[in-house]
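Undergrad: sequence first, predicted model second:
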Amino acid sequence: MERFVSLLASGIANGSIYALVALGIVLLQKATGVINFAQGDLLTLGAFAGFWLLVDEGLPQPVMFALVILLLFAAGIGLERIGYAPLRGRSPLVIVISTFALGLGIRAALVLWQGTTPRDLPAPFGGTFELFGARIPLQSLLIVGVLALVGVGVYLLFQKTAVGRQVRALAVDRETALLMGIKVRRLSPLTFGLSAALAGLAGVLVAPILSVSPGLGFGLLLNSFAAVILGGSERLAGVAFAAMFVAVVQALAAGYVSPDLVDAYPFLILILVLAVRPQGLVRSVTGVRY
Amino acid sequence: MSVTEMVRQRVAVAPPAFQGKQFPLLAVLVFLAIFPPLLRTNPYDLGLLNNALIYALLTLGFYWCFALAGQFTFAVFGMYAIGAYTSVWFAKHFGGFWSGLIAAVVITAAVGALTKLAFARCSEIYFAIATMALGSLIVILFREWTSFSGGYEGLGDIPLPSIFGYELATGQSRYYLGLAILALLLVATVLFFRSPVARDLAFARDKGPVAAVTGLKPLRLQLMGFAVGSGIQGIAGSLYAHGAGFFSVEAFNIDLSLLVLLMLLLGGMVSMYGAVIGAVILVYLPEFLRDASKYAEIIYALAILVIIVAFPSGIAGLRYTAERLVRRARRT
């Protein structure tokens, strides 16, 4: 029981991280149609930026969180300007290659800036609490809490604001939405920024649990893709639950089957889903209700 | 110019494979490629030459998958690993290098065909993600299956390639073996271009549903192209393993797929020579930029961006890029 609870808790904490990255991917995909392969590296950038502000500059935790989010928002806009704006209208695959190259650029720049030695970011709330005899770090609680907040925020953004309505319209029928005068040129930097900020937040949150190295985010990227594909990218809640599912399966399989293959389980899920049901497990809504 | 002449000029242009003199050109290129290992005989330079050949093969395989079969794949490093490991295992257990090479081709081609079959319903981006996961999974399996692959410890005692009992112990002789294989594959690619299958494949790739209506089998055609490409990647893996004599699982990671992508983008996807040009340039580029080796990955990333924005058809297609620029300049 003890072991099971602690595995489950670590799975849920990891799942929240995957979910944050996956939400960024889905947000961007809905608004611009781009699947961002640099999302994982943006997470790493957030983690390193957090380390730099907190440890090197000695800023307090809340300031660090705010600054990282702002920094990553700016980085997202930069990414849009360099890697997407010049390629608008080219085939989706070309844009994927471009985001992949940008991710590589970020990774290489981080190696130059911070080196390859792994680092540990101090957690805002150190310590653990006990649940059914299992010791669970408070950081896990913080991660899940932040995910819940972000989830509510993204939901409100999508359902209650003009920007959200425009993004949903773009996702349903891109061409008609453009004809109706939605200014995608103004929306796409905004959504790139928002999705990068989500990745940065995930980076700062995951850094105290995993050690921070330049390859950190790229390793997490495929796990988040597994969540996006399993969740079907139609409903945001579906993606979040899919992320939890992937991470919990990963944690339990690593605990009970074989810890050597811990990085392989999400890939297996991803491959199985794409081979059996490429449209995702959650049935996608093909018709639009008016 | 009369109308009929204009029509004839537009319609009767032969496909690129028939333009120019493909086989004489290939013969001249192969003849020129004979000399470098005679001029530069120290082991380091020979190693570079062999590297260039292996990457040229790998990129040619990727060219088949991506440019001909129209399926972008990140699994190149996985196929390369399968080629290397199966080749070594068969060479050790069933009489030498050639059985290993053949097994590597057959098995990687089969894995490639299964990949395309399993992910046939995915869009091209999801296919890219799926192959990325598949390649990583393959390498993880080799990493953990240490009794077969040696894991991080590596594999040694790999039989050298041999021809009629004559062991190819020098880098030079292995270079000529690789060159012969590459030349044969290029000849095969030219022959493929001149066959009706090439037109069918292009049709199936670009207009799948329409091709299906005309009675072609798009999936089967793409499957064939993808399997051939994977098989060529397997050959590259086999040549790498038998040439290196020792390797471990660290030799295979996703950066390899990225490098191959960059090679093809740089060389140009419009021609099969693009694969060779890109591979040769990118193997030798770090030699000229030793001082900047710290910035290699940033340079690669920038290069990919510049190429896809400004020179989408690469070096082999500079002519097309120039023509496009001239057309645009005239129009304004």
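TA: Alright, I've got the coordinates. Bear in mind the structure is a predicted one, so any value in this text is a computation, not a measurement. Numbering: from 1, shown residues only, chains lettered A, B, ... in the order given.
Undergrad: which bits of the stretch 151-290 of chain A sit near chain B?
TA: Applying Cβ under 8 Å from any Cβ of the partner chain, one finds that the stretch 151-290 of chain A approaches chain B through A:222, A:225-226, A:229, A:260-261, A:263-264, A:267-268, A:270-271, A:274-275, A:278. From N, CA and C alone the C-beta is placed, and that goes for glycine too.
Undergrad: what do you get if the cut-off is 10 Å, keeping everything else the same?
TA: A:215, A:218-219, A:221-223, A:225-226, A:228-229, A:258, A:260-279 (Cβ under 10 Å from any Cβ of the partner chain).
Undergrad: ok, the residue in the stretch 151-300 of chain B that chain A sits nearest to - contacts?
TA: Per Cβ to the nearest Cβ, B:Glu297 is where the stretch 151-300 of chain B lies closest to chain A, at 3.4 Å. B:Glu297 sits next to A:104-105, A:107-109, A:111-112, B:255, B:258 when contact means Cβ atoms under 10 Å, 6 or more residues apart in numbering or on different chains.
Undergrad: what subset of those residues is buried?
TA: A:104-105, A:107-109, A:111, B:258 (16 or more other Cβ atoms under 10 Å in any protein chain shown).
Undergrad: how about the residues you listed in TSV, adding distance to B:Tyr166?
TA: Converted to TSV, the buried ones among the contacts of B:Glu297 look like this (distance: Cβ to Cβ, whole Å):
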residue	distance to B:Tyr166
A:Leu104	43
A:Gly105	48
A:Arg107	46
A:Ala108	45
A:Ala109	50
A:Val111	46
B:Leu258	38
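Undergrad: inside strands: which ones of those?
TA: Members of those lying in strands (criterion: DSSP state E): none.
Undergrad: and the residues you listed, which two are furthest apart?
TA: A:Ala109 and B:Leu258 (15.8 Å; Cβ to Cβ).
Undergrad: next up, the contacts around A:Gly215.
TA: A:40-41, A:44, A:107, A:110-111, A:116, A:118, B:253.
Undergrad: do you know the pLDDT at it?
TA: pLDDT recorded at A:Gly215 is 80.
Undergrad: swap in A:Val285?
TA: On the pLDDT scale, A:Val285 gets 51.
Undergrad: and if you look at B:Gly234?
TA: Value listed for B:Gly234 in the pLDDT field: 93.
Undergrad: OK, contacts around it?
TA: B:57-58, B:61, B:79-84, B:86-87, B:101-112.
Undergrad: hmm, 8 Å instead?
TA: Shown in contact with B:Gly234 (Cβ atoms under 8 Å, 6 or more residues apart in numbering or on different chains): B:61, B:79-80, B:82-83, B:86-87, B:104-105, B:107-109.
Undergrad: what kind of secondary structure is it in?
TA: Under DSSP: H, G, I helix; E, B strand; the rest coil, B:Gly234 falls in the helix class.
Undergrad: which SSE is B:Ile158 in?
TA: Using DSSP states H and E, B:Ile158 sits within no helix or strand.
Undergrad: tally of neighbours for it?
TA: 20 (other Cβ atoms under 10 Å in any protein chain shown).
Undergrad: same check on the one 4 residues further on?
TA: B:Ser162: 16 surrounding residues under other Cβ under 10 Å.
Undergrad: ditto for B:Leu39
TA: 7.
Undergrad: tell me the confidence at it?
TA: 75.
Undergrad: before we move on, what about B:Thr4?
TA: Reported pLDDT for B:Thr4: 58.
Undergrad: could you point out which element follows the lowest-mean-pLDDT helix or strand in chain A?
TA: The helix or strand of chain A with the poorest confidence is strand A:128-131; it has a mean of 72 (mean pLDDT, DSSP states H and E). Sequence order places strand A:134-137 as the next helix or strand after strand A:128-131, per DSSP H and E.
Undergrad: what is that following strand packed up against?
TA: In this structure, strand A:134-137 packs against helix A:2-32, strand A:128-131, with contacts taken as 3 or more Cβ pairs under 8 Å, 6 or more residues apart in numbering or on different chains; DSSP states H and E.
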